[in-house]
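1. Quick one, what's the 3D model for this:
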Amino acid sequence: MARTISKLFACACATLFATGALAADWTPPGPIKLMIGFRAGGGADTQARLIAEALEENKGWKFIPEQVTGKGGINLAAALKDQPNDGTAIGMVVTETLGYNMAASNSGLTPQDFTGLTTTAGFQMGVVALSSKGWKSFDDVVAAAKGGAELRFGAMSPRLADLAYLVGKAQGVDFNIVSVRGGKGVMDGVNAGDLDLGFMAGIQAKGVAAGDLVNLASALSTPLVQTPDAPTFKDLGVEFNADGYFVFIGPAGMPAEARDALASAIAEIVADENSKAGGIVKKAFGGAATISGDELTALLDGDFANAGKLLEAASE
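-> Purely as a prediction, here's the structure:
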């Protein structure tokens with residue numbers, strides 16, 4: 001048995017070394033079109049452009065960034081699907097695009113239409129309110145709603161709107177769910193008093209640290225790094241969560257050497273906190289979180305499958 005394991009290990013190592021060598025030797029056959037699924041000038045757009053800038057400096061690869069926004073990344077996915085799969089066309093979206101948004105759309109797209117390259121960072125998705133509201137916990141929010149307050153709950157995507165509905169249902173209250181464009185839109189609405197609470201995905205960190213904002217709950221499957229005592233949605237009776245990542249993808253069928261070269265190069269950049277890209281990932285999104293290969297494929301497929309269950313639960 002030991003001999004068999006040794007042989008298998010040796011074969012695995014040989015395969016990994018061979019794949020690594022191919023990836024190291026890979027160069028794009030032309031300029032790389034980088035589709036960015038986020039509005040120009042925002043934190044996600046800046047992250048994507050700084051990664052491209054670093055790859056140009058480190059690898060000598062030429063990038064042509066372009067904004068392809070709308071429909072929660074579905075417009076980008078539709079445009080990317082039929083691009084060449086030789087590594088000259090990639091896109092940056094969020095995993096929600098390939099999960100909930102594809103499941104909820106009539107696009108006919110699925111994660112199998114794409115090659116997952118790597119994630120770069122996750123979200124610190126919290127339910128946030130002004131500290132001046134006097135709420136110390138989500139229980140205080142529920143008490144206010146049951147006391148007759150009509151609370152406006154900001155959500156920047158249909159998936160988050162469904163989660164807001166479900167957490168209200170689990171707690172026996174009805175929130176007035178308001179669709180808002182982007183996390184900054186939610187924060188602006190909360191700060192202006194137009195919203196009572198809402199989802200924010202890390203943008204709230206500075207306000208929470210200053211004492212102006214409070215994380216009332218974690219919409220993730222894990223506690224928030226900044227406010228670990230805030231309850232998760234599971235603690236509040238909701239089996240779903242807002243876990244997600246920024247992710248680079250390409251069209252389906254990308255050769256392994258192109259996929260691995262792009263994935264490893266991007267992951268290396270965001271992991272370097274001294275680089276501009278790594279610095280913004282650390283500052284705005286809590287640090288690098290890179291998932292690639294089979295693990296990323298399983299993550300995207302799982303998100304797509306779970307999205308159907310969330311849609312069904314929210315329709316009841």
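2. just the strands in the chain please.
-> For the chain, applying DSSP state E gives strands covering 32-36, 63-67, 89-94, 114-122, 125-130, 152-155, 176-179, 197-201, 213-218, 245-251.
3. Please point out which parts of the fifth one sit buried.
-> So that's strand 125-130. Neighbour-count burial for strand 125-130 flags Met125, Gly126, Val127, Val128, Ala129, Leu130 (criterion: 16 or more other CB atoms under 10 Å). C-betas here are computed from N, CA, C, even on glycine.
4. and the first one, what pLDDT?
-> The reference is to Met125. pLDDT for Met125: 94.
5. follow-up on the earlier one: pipe the strands of the chain into a markdown table and attach distance to Leu50 per row.
-> Below are these laid out as a markdown table (distance: least, CB to CB, whole Å):
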| stretch | distance to Leu50 |
| --- | --- |
| strand 32-36 | 12 |
| strand 63-67 | 11 |
| strand 89-94 | 11 |
| strand 114-122 | 11 |
| strand 125-130 | 22 |
| strand 152-155 | 28 |
| strand 176-179 | 30 |
| strand 197-201 | 19 |
| strand 213-218 | 26 |
| strand 245-251 | 12 |
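6. Which of the ones you listed sits closest to Ala44?
-> strand 245-251 (6.4 Å; CB to CB).
7. what does the closest one rub up against?
-> 44, 47, 77, 80-85, 87, 89-95, 98, 113-123, 258-259, 262-263, 266, 285, 289, 291, 296, 300 (CB atoms under 8 Å, 6 or more residues apart in numbering).
8. Okay, now the sheet partners of it, with direction.
-> strand 89-94 (antiparallel), strand 114-122 (antiparallel) (DSSP bridges).
9. wait, which of the buried residues of strand 125-130 is closest to Asn306?
-> Nearest to Asn306 among the buried residues of strand 125-130, counting by CB to CB, is Met125 at 15.7 Å.
10. Settle this for me: that closest one is touching Ile203, isn't it.
-> No: using CB atoms under 8 Å, Met125 is not in contact with Ile203; the gap is 10.3 Å.
11. before we move on, back to that, drop anything exposed from the contacts of strand 245-251.
-> Among those, the ones that count as buried (16+ other CB under 10 Å) are 44, 47, 77, 80-81, 85, 87, 89-95, 98, 113-123, 258-259, 262-263, 266, 285, 289, 291, 296, 300.
12. looking at it, Ala284 is touching Gly42, isn't it?
-> No: shown here, Ala284 and Gly42 do not form a contact pair, counting by CB under 8 Å, at 9.8 Å.
13. More neighbours: those two, which one.
-> Using other CB atoms under 10 Å, the more surrounded residue of Ala284 and Gly42 is Ala284, with 19 against 16.
14. nearest residue to the more buried one other than its sequence neighbours?
-> Gly43 (4.7 Å; CB to CB, 6 or more residues apart in numbering).
15. related to what we said a few turns ago, in TSV: the buried residues of strand 125-130, plus distance to Asp174.
-> Below are the buried residues of strand 125-130 laid out as TSV (distance: CB to CB, whole Å):
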residue	distance to Asp174
Met125	22
Gly126	21
Val127	16
Val128	20
Ala129	17
Leu130	21
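16. Among those, which one lies nearest to Lys33?
-> Distances from Lys33 to the buried residues of strand 125-130, taken by CB to CB, are shortest for Met125, at 29.8 Å.
17. bridging residues for the closest one?
-> Beta-bridge pairing for Met125 (DSSP bridges): Ala201.
18. ok, it to Ala54 distance?
-> According to CB to CB, to the nearest Å, Met125 stands 27 Å off from Ala54.
19. and what of Asp45?
-> With CB to CB as the criterion, Asp45 and Ala54 are 15 Å apart.
20. For the protein, which segments count as helices?
-> Listed in chain order, the helices of the chain (DSSP state H) span residues 2-25, 43-59, 74-81, 95-96, 102-104, 138-146, 158-171, 182-192, 205-210, 256-271, 276-285, 293-314.
21. Would you mind finding the most buried of the ones you listed?
-> helix 95-96 (a mean of 25; mean count of other CB atoms under 10 Å).
22. mind checking how far that helix is from the chain centre?
-> 5 Å (CA atoms, centre = their mean, to the nearest Å).
23. Can you pull the domain assignment for this protein?
-> Following automatic domain parsing, the chain resolves into domains at 2-122+244-314, 125-218.
24. Low-confidence stretches in this structure?
-> 1-22 (pLDDT under 70).
25. From the centroid of it, which residue is nearest?
-> Closest to where the C-alpha atoms of the chain average out (CA atoms, centre = their mean) is Tyr245, at 2.6 Å.
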